[in-house]
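Chemist: sequence first, predicted model second:
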Amino acid sequence: MGWPAGSRGPGSRSLDSTRRSDARPGRPGELATGGSQAGAWGIQPGRYPKWRAPQLNGYSPETERSTGERRARKLASGVRRRAGGKGLCKQYLACGLSYFVVLHAEVAEVLKAHQLIATWLQGIGVELKPSKTRLSHTLKEYQGNIGFNFLGFTIRQYPVGRTHTGTSRGKPLGFKTLIKPSKEGAQRHVQALRRILRRSQSLSQEELIDQLNPVIYGWSLYYRTVVSKKQFTVCDYLLTRMLWQKMTRKHPKKSATWVKKHYWRTIQGNTWTFATPEETTRQTLRWHAATPIQRHIKVKGQASPFDGNLLYWAKRLKDHPLTKTTLGKLLQKQQGKCRWCELFFREEDQIEIDHITPKREGGGEELSNKFALHRHCHDQRHAKHDRVYQ
């Protein structure tokens, strides 16, 4: 468990708990042991349409003697947080999770949640594992812990000066919350890269790059929304050292200069780019640091992927039924901007599709020959284009 300092000021507190229930589902009414998959629930505010409210699956009152959705919701109501705003769920049950976090501003409330969770889990034959359950503060040291790790991330708050402090409603808090890749997560990634290098003794440089690039790209995408640039640079440095050791051992009778020229190229000013020699069919090893940091933007208000707001969700979601249409693909391609005036579309704007090269001049119906623009921009473009055509 850990509690982050709340948004009410430097003296406020909030708690979180990281727990794991080490058990596997057994038959109803019997103790389930071993494994890490167990029915568990967490409580947090959520944004769901009423017709998609979270449901408790896996156990039902008819098949289990002491639990069920009614009992779980009754226990959850004791520690749920009041939701602010219309359309917000007052409680959220995350079922079937091995790890979960309980956050609150007071220590007593988190301890109360601990008791309620333990009571509920006893009814389905599982229990919280003491070695995986801990209480900590994200700003101050508590029981030897500061911050907590969750799903490969380290969540912690750091005391900073007034020029770097976070704010709440314009008031300085005296600390800043940073989410970084966990030390264990980075070590697992480096070990995965090392295993690939060890198994690739007989592979060519092209085949080695083909095996490393997906791992590097996938790991970097997972952490690109948090404070990861420094960790990306460290991973690049360690990978370069491992590659250098591998290649020098592969050619023990060659000089370091020969190995450097044979496997590394100078690309865009970087003299240590691991790439093949052929310029036409060159394969290049990806850099972790080449993945841009892209902060997660919260969903605004009561927006839902099912509300039909094509303009909003085309800019957020890559795969969604609304973005499969021609207009949705164009909005996603143009990042919500009009191609004529370069201004962002607004919800009340009239959006139309036009051909870049008109049909009368040989233009086709392919997506690359279309773009979205305002209705008045469409009129301006046609008026100008018709004058030139005449």
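Modeler: Cool, got the structure.
Chemist: three-state assignment of residue 239?
Modeler: State at residue 239, reduced to three classes by DSSP: H, G, I helix; E, B strand; the rest coil: helix.
Chemist: wait, isn't it in contact with residue 193?
Modeler: Yes: here residue 239 lies in contact with residue 193, judged by C-beta atoms under 8 Å, at a distance of 5.7 Å. Bear in mind the C-beta positions are built from the backbone N, C-alpha and C, glycine included.
Chemist: neighbour count winner among the two?
Modeler: Just comparing residue 239 and residue 193: by other C-beta atoms under 10 Å the higher neighbour count belongs to residue 239, 22 against 19.
Chemist: distance of that one relative to residue 344?
Modeler: According to C-beta to C-beta, to the nearest Å, residue 239 and residue 344 sit 39 Å apart.
Chemist: quick one on the thing from earlier: shared neighbours of residue 239 and residue 193, anything?
Modeler: 212, 216 (C-beta atoms under 8 Å, 6 or more residues apart in numbering).
Chemist: and the host helix or strand of residue 331, what other elements does it pack with?
Modeler: Secondary-structure element containing residue 331, defined by DSSP states H and E: helix 326-333. Using 3 or more C-beta pairs under 8 Å, 6 or more residues apart in numbering; DSSP states H and E, the elements in contact with helix 326-333 are helix 310-314, strand 351-355, strand 370-374.
Chemist: sheet-wise, list the partners of the last one with their directions.
Modeler: Meaning strand 370-374. The pairing partners recorded for strand 370-374 under DSSP bridges are strand 351-355 (antiparallel).
Chemist: buried sites along the strand it pairs with?
Modeler: When neighbours are counted by 16 or more other C-beta atoms under 10 Å, the buried residues of strand 351-355 are found to be 351, 354.
Chemist: report the mean per-residue pLDDT for that strand.
Modeler: Rounded to a whole number, the mean pLDDT of strand 351-355 is 87.
Chemist: again, but for stretch 265-275
Modeler: Regarding stretch 265-275, the rounded mean pLDDT is 91.
Chemist: who touches that stretch?
Modeler: 205, 209, 240, 243, 263-264, 277, 282-285.
Chemist: go on, stretch 359-377?
Modeler: Under the criterion C-beta under 8 Å, 6+ apart, external residues in contact with stretch 359-377 comprise 326-327, 329-331, 333-334, 338-341, 343, 345, 349-357, 381.
Chemist: residue 228 and residue 297, how far apart?
Modeler: As for residue 228, its distance to residue 297 is 17 Å (criterion: C-beta to C-beta).
Chemist: those two: which is more packed in?
Modeler: residue 228 (23 against 9).
Chemist: could you give the backbone dihedrals for the more buried one?
Modeler: Backbone torsions of residue 228, given as degrees, to the nearest 10, read phi -130, psi -10.
Chemist: distance check, the closest residue to it other than its chain neighbours against residue 290.
Modeler: On the basis of C-beta to C-beta, 6 or more residues apart in numbering, the spatially nearest residue to residue 228 that is not a chain neighbour turns out to be residue 181, at 5.5 Å. Distance of residue 181 to residue 290, given as C-beta to C-beta: 16 Å.
Chemist: which one of those two has more residues nearby?
Modeler: Neighbours of residue 181 and residue 290, each counted by other C-beta under 10 Å, are more numerous for residue 181; the result is 24 against 13.
Chemist: residues touching the residue nearest to residue 228, list them.
Modeler: Neighbour list for residue 181: 152-154, 223, 226, 228, 231 [criterion: C-beta under 8 Å, 6+ apart].
Chemist: that older thread, need the contacts of stretch 265-275 in CSV with neighbour count and secondary structure, can you?
Modeler: Supplementary listing: those in CSV, determined by neighbours: other C-beta atoms under 10 Å; DSSP: H, G, I helix; E, B strand; the rest coil:
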residue, neighbour count, secondary structure
205, 18, helix
209, 19, helix
240, 16, helix
243, 20, helix
263, 23, helix
264, 19, strand
277, 11, coil
282, 14, coil
283, 15, coil
284, 14, strand
285, 21, coil
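Chemist: can I get these in a markdown table including distance to residue 198?
Modeler: Listed next are those as a markdown table, based on distance: C-beta to C-beta, whole Å:
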| residue | distance to residue 198 |
| --- | --- |
| 205 | 16 |
| 209 | 16 |
| 240 | 17 |
| 243 | 12 |
| 263 | 17 |
| 264 | 21 |
| 277 | 25 |
| 282 | 26 |
| 283 | 21 |
| 284 | 22 |
| 285 | 17 |
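Chemist: give the rounded mean pLDDT of stretch 209-226.
Modeler: Stretch 209-226 comes out with an average pLDDT of 93.
Chemist: okay, buried residues for it please.
Modeler: Residues of stretch 209-226 classed as buried under the neighbour-count rule (16+ other C-beta under 10 Å) are 209, 212, 216, 219-220, 222-224, 226.
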